Every structure is written in structure tokens, then in C-alpha cells.
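J.: I'd like to go over a predicted model; first the sequence, then the structure.
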Amino acid sequence: MIHPEHMSAARSFSLTPGKRVLYLTKDPETIRRQLAGELTLRMADLRPEDLLDDINTDAMTPAWVCFDFDPAEIARNAYAGLIVDGQRLFPPEALARGGFEVVVSGAQKGVGSSRETAAQCEVFSGSRMAVASSFAPIHARNNINIGQLMADHATLRRLEAGERIPLAELTRGHDAVTALIIESGGLLPFCARLARGELVVPPTGTGPRPMTLAEKVLARKLLPGQGTHVKPGDAVLVRVDAGYSHEFTTAQVDWFLRQEYGADYRLKDPSKFAVFEDHLIYATGVPAMAKYADKIERLRQLQRAFAAHTGVRNYSAEDGVSPGICHQVAREQFIDPGDFVQATDRHTCMGGASGALAWGVGATEYAALAYWGFTPIAVPQSIRFELRGRLRPGVTAKDVMLHILATHARREETLDRVMEFGGDGLFGLSPDERATLANMATECSARGAIMEVDDLMLAWIASRRPGTSIDDLRAKAVTPDPDAHHDGGVHVIDLATIRPMLATPGDPDRGVPSDPKNGARVPEVGRVAIDIAYGGSCTAGKRDDVDYYAQVMAEADRAGKRVADGVRFFIQFGSKEVEDHARARGYLDLFARTGVEVIQPGCGACIGCGPGVSERGDQVTVSAINRNYKGRSGPGRLYLASPLTVAASAVAGEIVEYRDGMFDGGGGDGGGDGAPR
């Protein structure tokens, strides 16, 4: 799609005379000198450890860059989020003006949100190849889909020595379908070749075998002629049951569809798909975002035009109020057990709590699957978490996920695998708490998430779908075979051993547990005074989360306490249903009495686009959102914690572990019965 002229004709790749290689080093001055044309490096001059690791997509294209869908503007602001001493390390157009055709970094390139603009900013600036020791899975897929090749440092050394690398070598290790996409120059050219009959996807050749939850779902979705069973690595074409985009991404989806299929394109089954106005609903109220008001309004208009043109479900705001965050509303209204779900946001994996297989994709991949109704994938490996026992009082699913991040994810055991959850401990969690676990699979750099379902979860779904029974949903659900193989292993977690966790600024895998001998503070952190407490986002704006906030604030209210002086505590609802729940239980009055600032449904501070973002680098936030990369929610320091810890910290004025009765010496009813359900 982006570079087809570079692909199948030559069947190989070599460096272009006169073009350059950019090395993203840990030394900012070295990058500046390369951008200015003062320094030329070769891989032989560096060690891999000299290169930047964990470059996140927010650094490559911050949220405000996603207000543009025009290639020239995206290229102009490549790496605009890489900030050093308060200034952009990459001036406008620096990457494009530099004549770079290869961009080199260290490990885990492209962590963070699924935004395809992060890959596009390089390609639209003239890059033909990204080099790293490893890539975050969705970012890697985005590169493949838009035609940017990927290689490791050893391959770059050979290229710099003058070698021409066969394309077959660059596709080695990929499944057969992905190899064809790479050879075709991107996903949309691949789909066109498939439609013309130039390509044939062969049967998997996999016979009957025990299968994991993810494998069971995908085997059900195979297009005819591919077989009945799958195993990891099989290249398959599968039907997609549901999908959605939001105003950050829909305009670009539409742009790709128009470029590829013409202005009068039509979707084969629009009833499967939806658009949401949720991500930018409060963006113009943030000083740093207000200047983009015209662009944001243009994105809203384009999304509504897309909905009218295609006939997809339309969850636009009414009178400036969003119906809710896409992931929360989708699980409430249309994701069913056994579904295969794709959407243009990394936290699509939240649907896994409903027994669906779900993960986020880029705009190109979404455009293709929305148009064709199917998508090519390689069957992913799985890692299983068997939850046992019950959580202690004051411990939540957020603490469990921060524990998994600090252990299994940090060791990269979850990398590009589907996280499968089961066990009696899982069934002891409420549907909302299970959704917290599924939601944060993407922070583990997992491909997606999926969970076993029980009657409690089926009843939760059925109660929100008129005319749908538990029996209907049970018939759609899948269960893993007892002797299924999980490449990532089966890991037993005793929930009773989990303590409240706190992730320190920079990465959600930097979690540390509290110490019962150290009072309410986390020993490795010590006393941390806060300026902002934030409870919201798809991760922490559900009914249970609001119950947790109310439990703490009701206890504080009885003790005559409120949000500490100098602290602002924001609670934002994940959907209209959650807001209605809070109103019915009297929480709105409770929050008003205790100094909490309540925000109507939608995204916000989590993506730097709403009340609750820090405004200065010296500010400290404790937040219940999902990730705390630098700059994610303003320039200040951002700690991640559970809803209970966030609320308790708001009252204490510093980061503290919540303990039942810590403010009034007794239990609490949270304005209702205080029990998450």
C-alpha cells in the first residue's frame, strides 16, 4: 500500500545511495546531530544497549498528532512526543527533511497505544525499514500492514556492508499469510490480490487436537476450506463478529477505504460495526488541547459522515455528552461470548472478560476487515493464568494485574500471547473486576485476552440485551480442552497472596507491593504527596470502580473528612449506565459533599484529553488508569494504583494503601451497601 514499488519487483532490499539511517540513541545530543546532518553513524559504531528501548507510540505521535489524518501532517510531526528539557527533540519535519530510509532503536519498539500513526509517521517521512531488537506486537503489525519492513541489528550491519537482502529472508519467521502481506507491500494490496484470485491461502493442515480458548474461537471463524482445527502459527483467514472505531481513528479508516475502493465504497455488513464519540469529548477543555478545537470538531464531523455513509452503529454524543467509552459500552451492548472482536484501540482486549477473543488493530487493518468481513491472522500462542482463592479485603483486580505486570510481563512471558484466565478465583470476581484484568492485557504487551465464563457473567450480559437468554449466550461460549497446550505455560496465582500494588512513574510494570509492617505507605516509595487523584477510564470507570470510590468517600464523610486541601480528586464514569448506577445509589450527593469533581462519561485524563491531567512537571498524580508512560496524562509524575488506593490517597493527601475503616474506625456502606457487584 505504501511502498509497493519497493517490493515484489526487486524481491530484495538494499540501502539507497544518498539516503540515511537514523539511530535513536539514549544520548539526545547524538540524535540532534544526526537530524541536523552533522553526524552519520553506522551500526558498527554502536552497541545495542546504546539505543533507546521501549519507545512508546505516544512519543512517536502524541495524541494531538492523531487529530490529523493527512499523511503530510503526520510526517511533519514525527516523534513530536520525544521531549528533552521541555523541548521537542525532533523539530517539525525533521525526520522527512533528513532523508532517512531506516530508523533504528533498541528493544520493544512501539509499546503503548495501538495508534497506527506511530508507524505512519516514519513511512510518510520516507522510511522503508524499522530496525529494532524487538517490536511491540500491534506496532509490528501496523508496520506490516502499511508496507514498512522490519529487521534486526545484525541485518542492518549486512545492509551497511553493501549486501542486498532477499525479501524471503525478511519474511522468514512470519506465517504464510503475513509473508504474503509483506511481499504485497501491505494489507490492502494483499486483499486486492486475494480478491483477484492471484493468491490462495492454503488449508492449515492441522488435524484434530486439544485447543485453548483462543484457538477454539478462531477455529469456529475459519473461512471455508481451511479446516476445523488450528494451532499457534497457522496462517488463516477468519470472520470478524464485531468491531468499532472512535473519533481519533474513524477519519483515517474512511481515508484508507476511499483511497483503495473509491468514494462510493460500501461495507458488506455494517451491522457488525460501530463508531464511538468518546476519546475527545473533553479534549478542548484542556489548555494544551484547546488550540486543536477545529481539528477535533472536523474529526467528529467526519466520523458522523462515515456512520451515515456506511450504516454502522452510531454512538455519537448527544448535547455534548458521550454514551460512554467504547470498550465499556461494547461489553454492555454487543460483545458476546465466543465472538472475535477487532477495534482501533489497544484496550479492545477488555471484551475478553465476556468470553470473546478481542484485540486492537490499526486503521489499515480495520479498514480492510470492515470492508471484507474477514481478516488474515497467525494463530497466536496462549499463556494461562489459573486464579485460585479469594482476594483479601482492600485488594482489587487492579492489584492482581499490577502484580502480573511486575512479574510475568516484565519477564516478557506475556509478549504477543493471548492471556487466558480461568479458575475458581476468577469466578469469585465480579464481571467488572474480570474486565479490569482483560483490559490491561495490552499493558502486558499481550496480543489480547480471553476468559472462561460462568453463569454470573452470562447473566450480566443477558440483563443488558433484551430478548437474550443465558442459554443463548451459553451456546456461543467456548471452553478450553483440559489437555490444551499453552506455550506460555499455566501459572497459578493464589489471590490471597496479592497485596495492594503501586506502579511507579514511567511504566505500568514498575509495580511494588505494600508492606503490612509499614503502615499505609508503600516502603519502596515512602511518603509521596499528591496534587491529583483520578478515577476513570475504561479500566476504572465501571460500576464496581465507582462503588470502590464511594466506599472510601462514605467512610471519610462519616469521619468529617473530605478530599485533602490542595488535592483535586476526579471521578469520571465509563458509560451512561455507570453514571445512572451512581445516581441511583446516591453517590453523586456523596461525592459533592466530600469535594470530588465528577465528570460525565467518556475518556479524558487517561489520554491527556480531559480534566485530571497534570499541567506542570512537578505535579504528582495517583491514578486508576491503565498506563503511566511519561507524558501520558500530562507532564507530571504519574503513579498507578487501584480505585481504593486512589480514593484513600485523595483524602490523605499522599499515596496510601486503603484499609477498611482507616478514616472512621469502622466498616462502611459507601452510600449504599458498598459491595462491588
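T.: That came through fine.
J.: any idea which helix is longest in this structure?
T.: Looking across the chain with DSSP state H, the single longest helix is helix 293-310.
J.: Output the below-cut-off pLDDT ranges for the stretch 301-450 of the chain.
T.: By pLDDT under 70, the stretch 301-450 of the chain has no low-scoring segment.
J.: which stretches of it form helices?
T.: Counting by DSSP state H, counting those that start in this stretch, the stretch 301-450 of the chain has these helices, from start to end: 326-333, 363-372, 397-404, 424-427, 431-439.
J.: ok, the residue lying closest to Trp359 once chain neighbours are set aside - contacts?
T.: Nearest-residue entry for Trp359: Gly448, 3.3 Å, with adjacent residues in sequence omitted and distances by CB to CB, 6 or more residues apart in numbering. The way it works is simple: take the backbone N, C-alpha and C, and place the C-beta from them, glycine included. For Gly448, the contact set (CB atoms under 8 Å, 6 or more residues apart in numbering) comprises Ala214, Thr348, Cys349, Gly352, Leu357, Ala358, Trp359, Pro380, Val418, Met419, Ala441, Thr442.
J.: hang on, the second one packs against Val341?
T.: Yes: using CB atoms under 8 Å, Thr348 and Val341 qualify as a contacting pair, with a distance of 6.2 Å.
J.: who has more neighbours, the two?
T.: Neighbour count, other CB atoms under 10 Å: between Thr348 and Val341, Thr348 has more, with 32 against 29.
J.: how many other residues sit next to the spatially closest residue to that one that is not a sequence neighbour?
T.: Distances taken as CB to CB, 6+ apart place Gly360 nearest to Thr348, at 4.3 Å, with adjacent residues excluded. Using other CB under 10 Å, Gly360 has 26 other residues around it.
J.: returning to what we had before: now distance to Thr204 too, for the contacts of Gly448, in TSV please.
T.: TSV is the format used below for the contacts of Gly448 (distance: CB to CB, whole Å):
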residue	distance to Thr204
Ala214	15
Thr348	25
Cys349	24
Gly352	23
Leu357	17
Ala358	22
Trp359	20
Pro380	14
Val418	17
Met419	23
Ala441	25
Thr442	27
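J.: thinking again about what came up before, any chance of the helices of the stretch 301-450 of the chain in JSON lines, with distance to Tyr265 and mean neighbour count too?
T.: As requested, the helices of the stretch 301-450 of the chain are exported to JSON lines (distance: least, CB to CB, whole Å; neighbours: other CB atoms under 10 Å):
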{"stretch": "helix 326-333", "distance to Tyr265": "23", "mean neighbour count": "27"}
{"stretch": "helix 363-372", "distance to Tyr265": "7", "mean neighbour count": "26"}
{"stretch": "helix 397-404", "distance to Tyr265": "40", "mean neighbour count": "27"}
{"stretch": "helix 424-427", "distance to Tyr265": "42", "mean neighbour count": "18"}
{"stretch": "helix 431-439", "distance to Tyr265": "32", "mean neighbour count": "27"}
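J.: Select, out of the ones you listed, the one closest to Phe569.
T.: With distances scored as CB to CB, the stretch of the helices of the stretch 301-450 of the chain nearest to Phe569 is helix 397-404 (17.0 Å).
J.: which residues sit against the closest one?
T.: In contact with helix 397-404 (CB under 8 Å, 6+ apart) are residues 385, 387, 391, 414, 429, 433-434, 436-437, 440, 443-444, 493, 495, 498-503, 508, 511, 513, 539-540, 624, 640-643.
J.: Asn145: what's it in contact with?
T.: Here Asn145 is in contact with Met1, Glu116, Ile181, Gly186, Leu187, Gly362, Thr364, Glu365, Ala368 (criterion: CB under 8 Å, 6+ apart).
J.: Report the inter-axis angle for the helix or strand hosting it versus helix 363-372.
T.: Element membership for Asn145 (DSSP states H and E) is helix 137-146. Computed by axes from the mean of the first three to the mean of the last three CA atoms, to 10 degrees, the angle separating helix 137-146 from helix 363-372 equals 70 degrees.
J.: Check the offset of helix 137-146 from the chain's centre.
T.: Computed by CA atoms, centre = their mean, to the nearest Å, the separation of helix 137-146 from the middle of its chain amounts to 14 Å.
J.: Please report how far Arg33 lies from Asp27.
T.: Arg33 is 9 Å from Asp27, where distance means CB to CB, to the nearest Å.
J.: okay, the two: which has more neighbours?
T.: Just comparing Arg33 and Asp27: by other CB under 10 Å the higher neighbour count belongs to Arg33, 14 against 11.
J.: Can you give me the pLDDT of the more buried one?
T.: Note for Arg33: predicted pLDDT of 98.
J.: List the contacts of it.
T.: Counted by CB under 8 Å, 6+ apart, Arg33 has contacts Leu39.
J.: thinking again about what came up before, now do the shared contacts for Thr348 and Val341.
T.: In contact with both Thr348 and Val341: Ala358, Trp359, using CB under 8 Å, 6+ apart.
J.: closest one to Phe69 among the helices of the stretch 301-450 of the chain?
T.: That would be helix 363-372 among the helices of the stretch 301-450 of the chain, by CB to CB, at 8.4 Å.
J.: Ramachandran angles for the closest residue to Tyr629 other than its chain neighbours?
T.: Spatially, and ignoring its direct neighbours in sequence, Tyr629 is nearest to Asn56 (4.9 Å; CB to CB, 6+ apart). With angles defined as degrees, to the nearest 10, Asn56 sits at phi -90, psi 160.
J.: how close does Asn56 sit to Ser445?
T.: As judged by CB to CB, Asn56 and Ser445 stand 11 Å apart.
J.: Name the residues contacting each of the two.
T.: Here Asn56 and Ser445 have Val111 as joint contacts, going by CB under 8 Å, 6+ apart.
J.: Okay, strands next: where are they in the stretch 1-150 of the chain?
T.: Using DSSP state E, counting those that start in this stretch, the strands of the stretch 1-150 of the chain run over 12-13, 20-23, 83-84, 87-88, 100-104, 129-131, 149-151.
J.: To Phe570, which of the ones you listed lies closest?
T.: Of all the strands of the stretch 1-150 of the chain, it is strand 83-84 that lies closest to Phe570, at 24.3 Å by CB to CB.
J.: other SSEs contacting the closest one?
T.: Packed against strand 83-84 by the contact rule (3 or more CB pairs under 8 Å, 6 or more residues apart in numbering; DSSP states H and E) you find no helix or strand.
J.: which residues make contact with that strand from outside it?
T.: Pro28, Leu89, Lys630, Gly631.
J.: Hmm, Gln120 is touching Ile146, no?
T.: Yes: using CB under 8 Å, Gln120 makes contact with Ile146 at a distance of 6.3 Å.
J.: quick one, what contacts Ala641?
T.: Lys398, Leu402, Pro500, Met501, Leu502, Ala503, Val622, Ser623, Ala624, Ser649, Ile655.
J.: one step back: just list whatever residues bridge to the residue nearest to Trp359.
T.: Per DSSP bridges, the residues bridged to Gly448 are Val418.
J.: Kindly provide the distance from it to Trp372.
T.: Taken as CB to CB, the span from Gly448 to Trp372 is 20 Å.
J.: Same check on Phe385?
T.: For Phe385, the distance to Trp372 - CB to CB - is 34 Å.
J.: Could you do Ala132 as well?
T.: Going from Ala132 to Trp372 by CB to CB gives 30 Å.
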